[in-house]
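Undergrad: One predicted model, sequence on top.
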Amino acid sequence: MAKDGPRITILLRSAAGTGSVYATSKNRRTTTAKLELRKYDPVIRKHVLFKEHKA
């Protein structure tokens, strides 16, 4: 089991509504805002905005 610390696992879901998901982690102490990253969506084969959702 991982010890409790500032890092949490989050899911990045495609804003295009395709259902594509990336899993990543972030430090909740230094990054308090929700993550929004431009990543590749393999369903529509384009780079789109991915927004944070809790895992």
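TA: Looks like it came in fine.

Undergrad: which SS state does the closest residue to residue 35 other than its chain neighbours fall under?
TA: Excluding the flanking residues, the one nearest residue 35 by CB to CB, 6 or more residues apart in numbering is residue 52, at 4.3 Å. For the C-beta atoms, the positions are set from N, CA and C on the backbone; glycine is no exception. Recorded secondary structure, residue 52: strand (DSSP: H, G, I helix; E, B strand; the rest coil).

Undergrad: Model confidence at residue 52, what's the number?
TA: At residue 52, the model reports a pLDDT of 96.

Undergrad: Now for it: which residues touch it?
TA: Residue 52 makes contact with 10, 11, 12, 26, 34, 35, 36, according to CB atoms under 8 Å, 6 or more residues apart in numbering.

Undergrad: list the contacts for the last one?
TA: Same thing as residue 36. Residue 36 touches 49, 50, 51, 52, counting by CB under 8 Å, 6+ apart.

Undergrad: Is it bridged to anything, and to what?
TA: residue 51 (DSSP bridges).

Undergrad: Identify the residue nearest the geometric centre of this structure.
TA: Centroid-nearest residue in the chain: residue 12, 2.5 Å away (criterion: CA atoms, centre = their mean).
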